[in-house]
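> Test case, fold it:
(2 chains)
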There are 2 protein chains.
Amino acid sequence: MAYLSDLALSIQPYIPGEQPKDMQYIKLNTNENPYPPSPKVAQVLNDMDPAAFRLYPPPECEELRESIGKFYDVDKGCVYVANGSDELLSWCFPAFFTGKEPILINDITYSFYKVYAALFSVKTEVVPLNDDFSIPMEYYIGRNRGIIIANPNAPTGQAISLNEIEEIVRSNPDQVVIIDEAYVDFGCESAVPLTKRYENLLVVQTFSKSRSLAGLRCGFAIGSPLLIDGLSRIKNSLNSYTMDIVTLKLAKAAVEDADYFYETTAKVISTRNRVSEKLREAGFEFADSTANFLFVTHPKITASVLFEKLRAQGILVRYFNLPRIDDYLRITIGRDEQMDVLIQKLKDLLMNGRKYGTNSKS
Amino acid sequence: MAYLSDLALSIQPYIPGEQPKDMQYIKLNTNENPYPPSPKVAQVLNDMDPAAFRLYPPPECEELRESIGKFYDVDKGCVYVANGSDELLSWCFPAFFTGKEPILINDITYSFYKVYAALFSVKTEVVPLNDDFSIPMEYYIGRNRGIIIANPNAPTGQAISLNEIEEIVRSNPDQVVIIDEAYVDFGCESAVPLTKRYENLLVVQTFSKSRSLAGLRCGFAIGSPLLIDGLSRIKNSLNSYTMDIVTLKLAKAAVEDADYFYETTAKVISTRNRVSEKLREAGFEFADSTANFLFVTHPKITASVLFEKLRAQGILVRYFNLPRIDDYLRITIGRDEQMDVLIQKLKDLLMNGRKYGTNSKS
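Here you go, the predicted structure:
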């Protein structure tokens, strides 16, 4: 009895980072922000009237879109919001990519893109990153293809410049180019200003990282009204109200508190730069990151061993058992004191490296 | 420049009931509950720690699923939750229906079903309701087809019996039968107990109506672990975290307060029965409703006229300009005093019926 469709049976769903409950971990595995959300969020939460929950939310989320538009200096008609940037990215596939030439995605990138492609029968052409994990621009120029690029890329943390993005957008004028800026606020240039000049550019961001609201689910896109209409058509064919009343109000409070946003992202960046230095001193190798994580490898100990040893000692980082990156760890930037514990543990593990036998590199 | 896909351009999105802000309406147009959520919801809201928002929610929503399972006497592995029952229903189409024979849906029913079918390229065979808007059972028995039925049906409010559902489920054993019970708690028998005996039955419900949480977005499904796995595969191919931390906690509090649930649904039922009587006295015609709305027509005044006149006087009801039902209004059951205002306005409008000229029936 084949109750499940062939599609459901064949698809390989995305697997999120673990959220174990067996002990209290230093949690550096899902790129969450180590700082709480803006105090303004707590204030608005405090003022919420539960009696209002009996009514449906405003389906077009005008107020939140307006606040986001104000912060990014674009009209609210150029802003769309969703239940996390993943939901927004998923809408992009049926909105812009079905029935067209294969879209271009990097071989090493956010692995959800290829799941969306499979779910919505969108063909993909996989672009291999350069050996240093930089993005090979020549694959993206003048291809006349749909494109989705994470910038900075995940899990590598490496970014392309605004000029490079503009070159890609300009040279693929008949197709939609999506720049997924989940991590952009930690030191990389946003392509939002380009959306005013290029109707085919959609920038996607999230409140989960730089605004410390992963638990509330809020993502947004900025682009031309034409692209926003495409998103709206798909969203309204799936779920009239994807944003609940609480998230709408609290996300609005978060985006309106610019000072707190600048302050906390600066703290993460400062910690990242300090940790980068320490890890290089300890022999780790990695490119500079413009995200809230580092993507590191070590010539002496294999990443999978480090991952397990750290886990046993109460530190969670992310290990992807995937081609080309199976000797790397992605380490989220936490608070300074958490990172000091990590660095000490790593140094200890390196010192005792020999005892891991076949797992250590010779 | 065809940035939008043919799919996005051709699809006819669902249009939710209006949420106008130009004045304070008596809002009887989107089947919201007139009573606030359980006081336990307010209490849990009050205890929420905004610092927790920085972390992702538990992706598998175990605690809420367990509480729902307890209330409905099923294992949590037979429960799945989503950001509103619409999201859950949308997952059913790729999970169970793609690449198969046309599924059966009623001509008059929740109009989102055919939007999902279009979005996921699922073919449909439309089953015409009987003249009295009852469901023609003969179309559903022994068809070996995927089936989705709202019970009670929307917008008619009419229900089929548990025996009839069992006959449908048993006689279509190789396909999934979905019973959408959004309104079941207002006086109709739930098919949840049948899910223990029929692996091909999925029951979908929502917290938006009987639990007064439309603004928070929470729906759920109960069915065999095999069907739950199908839903999980699609959900995890779209968005790892569709339920936010606040909704997870508050919905849990709502489902755990059984007393309040029984009390408020009983109040709505009592108001509905009283209003039904008054409307029949005023000449309205309609079948008995087992939902929190009435679907009415009047021999003397056309529904579209009544709709506009009520709106002008501050009362919103729902009018569908669709074949077979374009002379009907769907009226949500509000609080007693709201319904008394409605009944008085309707009587006044009927009394002054003649002045609407060509719009009134002769």
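
> Near the closest residue to residue A:186 other than its chain neighbours, how many other residues are there?
Closest residue to residue A:186 apart from its sequence neighbours, by CB to CB, 6 or more residues apart in numbering or on different chains: residue A:292 at 4.7 Å. All C-beta atoms are positioned from the backbone trio N, CA, C, and that covers glycine. Residue A:292 is flanked by 26 other residues according to other CB atoms under 10 Å in any protein chain shown.

> and the gap between residue A:292 and residue A:226?
Counting by CB to CB, to the nearest Å, the gap between residue A:292 and residue A:226 amounts to 32 Å.

> now swap in residue A:293 and tell me
Residue A:293 is 34 Å from residue A:226, by CB to CB.

> more neighbours, these two?
residue A:293 (27 against 13).

> How about the backbone phi and psi for the residue lying closest to the more buried one once chain neighbours are set aside?
Nearest residue to residue A:293 in three dimensions, chain neighbours excluded: residue A:332, at 4.9 Å (CB to CB, 6+ apart). The phi/psi pair for residue A:332 (degrees, to the nearest 10) reads phi -70, psi 140.

> repeat for residue A:80
Here is the backbone geometry of residue A:80 (degrees, to the nearest 10): phi -130, psi 150.

> ok, it - contacts?
With contact taken as CB atoms under 8 Å, 6 or more residues apart in numbering or on different chains, residue A:80 is in contact with A:65, A:88, A:220, A:221, A:223, A:228, A:231, A:232, A:235.

> from these, which are also near chain B?
A:232, A:235 (CB under 8 Å from any CB of the partner chain).

> can I get the contacts of residue A:80 in TSV with distance to residue B:207?
Compiled in TSV, those are given as follows (distance: CB to CB, whole Å):
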residue	distance to residue B:207
A:65	25
A:88	24
A:220	26
A:221	28
A:223	33
A:228	30
A:231	26
A:232	25
A:235	21
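
> Can you list the buried residues in the longest helix anywhere in chain A?
When chain A is parsed with DSSP state H, its longest helix is helix A:258-281. Across helix A:258-281, burial judged by 16 or more other CB atoms under 10 Å in any protein chain shown covers A:260-261, A:264-265, A:267-269, A:271-272, A:275-276, A:278-279.

> same check, this time on stretch A:157-169
A:157, A:158, A:159, A:160, A:164, A:165, A:166, A:167, A:168, A:169.

> what's the closest non-adjacent residue to the first one?
In this case it means residue A:157. Closest residue to residue A:157 apart from its sequence neighbours, by CB to CB, 6+ apart: residue A:289 at 3.3 Å.

> What is the neighbour count of the one you found?
28.

> Next, it: secondary structure please.
Three-state assignment for residue A:289 (DSSP: H, G, I helix; E, B strand; the rest coil): coil.

> Just confirm it contacts residue A:272, I think it does.
Yes. The pair residue A:289 and residue A:272 qualifies as a contact (CB atoms under 8 Å) at a distance of 6.3 Å.

> Spit out the residues that contact the two alike.
Common neighbours of residue A:289 and residue A:272 (CB under 8 Å, 6+ apart) are A:186, A:187.

> mind checking how far the closest residue to residue A:150 other than its chain neighbours is from residue A:209?
Closest residue in space to residue A:150, ignoring its immediate chain neighbours: residue A:180 at 4.3 Å, by CB to CB, 6+ apart. Using CB to CB, residue A:180 is found at 12 Å from residue A:209.

> One more: residue A:330?
Distance of residue A:330 to residue A:209, given as CB to CB: 13 Å.

> C-terminal to the longest helix of chain A, what's the next element?
Going down the chain from helix A:258-281, the next helix or strand is strand A:293-296, by DSSP states H and E.

> Now that next one - C-alpha only, CSV.
What follows is strand A:293-296, C-alpha atoms only, in CSV (Å, rounded to 0.1, in the frame of the first residue of the first chain):
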residue,chain,number,x,y,z
PHE,A,293,30.9,31.2,12.4
LEU,A,294,34.3,29.8,11.4
PHE,A,295,34.9,26.9,9.0
VAL,A,296,38.1,25.3,10.2
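
> Show me which positions of the helix or strand that that strand is followed by end up buried.
Using DSSP H and E, the helix or strand that directly follows strand A:293-296 along the chain is helix A:303-312. Neighbour-count burial for helix A:303-312, counted by 16+ other CB under 10 Å, picks out A:303, A:305, A:306, A:307, A:309, A:310, A:311.

> How about stretch A:312-329?
In stretch A:312-329, the ones that count as buried by 16+ other CB under 10 Å are A:315, A:316, A:317, A:318, A:319, A:320, A:325, A:327, A:328, A:329.

> Show me the contact partners of it.
A:17-18, A:20, A:23-30, A:107-108, A:111, A:129, A:155, A:295-297, A:302-304, A:306-307, A:310, A:330-332, A:341-342, A:345.

> of these, buried ones?
A:17, A:25-30, A:108, A:129, A:155, A:295-297, A:302-303, A:306-307, A:310, A:330-332, A:342, A:345.

> Identify, from the buried residues of helix A:303-312, the entry nearest to chain B.
residue A:311 (17.7 Å; CB to the nearest CB).

> Could I get the pLDDT score of that closest one?
If you check residue A:311, the pLDDT there is 95.

> Tell me which residue of the stretch 151-300 of chain A lies closest to chain B.
In the stretch 151-300 of chain A, the residue found nearest to chain B is residue A:236; the distance is 3.5 Å by CB to the nearest CB.

> isn't that residue right next to residue B:14, touching?
Yes. Using CB under 8 Å, residue A:236 is in contact with residue B:14, at 6.0 Å.

> got the residues of the stretch 201-350 of chain A near chain B?
So far as CB under 8 Å from any CB goes, the stretch 201-350 of chain A lies against chain B at A:208, A:212-217, A:226-227, A:229-230, A:232-247, A:250.

> Filter these down to just the ones in helices.
A:226, A:227, A:229, A:230, A:232, A:233, A:234, A:235, A:245, A:246, A:247, A:250.

> Near the second one, how many other residues are there?
If I follow you right, that is residue A:227. Neighbourhood size, residue A:227 [other CB under 10 Å]: 25.

> Can you check what pLDDT the model gives it?
Listed pLDDT for residue A:227 reads 98.

> ok, it - contacts?
By CB under 8 Å, 6+ apart, the residues touching residue A:227 are A:95, A:96, A:176, A:199, A:200, A:202, A:221, B:3.

> Identify the residue spatially nearest to the last one, adjacent ones excluded.
If the residues on either side of it in the chain are set aside, residue B:3 comes closest to residue A:176, at 5.2 Å by CB to CB, 6+ apart.

> ok, that neighbour touching residue A:198?
No. Residue A:176 lies out of contact with residue A:198 (CB under 8 Å); the separation is 10.1 Å.

> The two: who's more crowded?
The neighbour count for residue A:176 versus residue A:198, taken as other CB under 10 Å, is higher for residue A:176 (29 against 19).

> Could you check how far that one is from residue B:12?
Distance, residue A:176 to residue B:12, using CB to CB: 22 Å.

> Ok, residue A:75 next?
26 Å.

> which residues of the stretch 51-200 of chain A fall in helices?
A:62-72, A:85-92, A:112-119, A:162-171 (DSSP state H, counting those that start in this stretch).

> Show me the shaky parts of the stretch 1-150 of chain A.
A:1 (pLDDT under 70).

> Strands along that one, start to end?
Using DSSP state E, counting those that start in this stretch, the strands of the stretch 1-150 of chain A run over residues A:26-27, A:79-82, A:103-106, A:124-127, A:147-150.

> For the fourth one, which helices and strands make contact with it?
The helices and strands touching strand A:124-127, judged by 3 or more CB pairs under 8 Å, 6 or more residues apart in numbering or on different chains; DSSP states H and E, are strand A:103-106, helix A:112-119.

> picking that back up, got a winner among the contacts of residue A:80 for most neighbours?
residue A:223 (31 neighbours).
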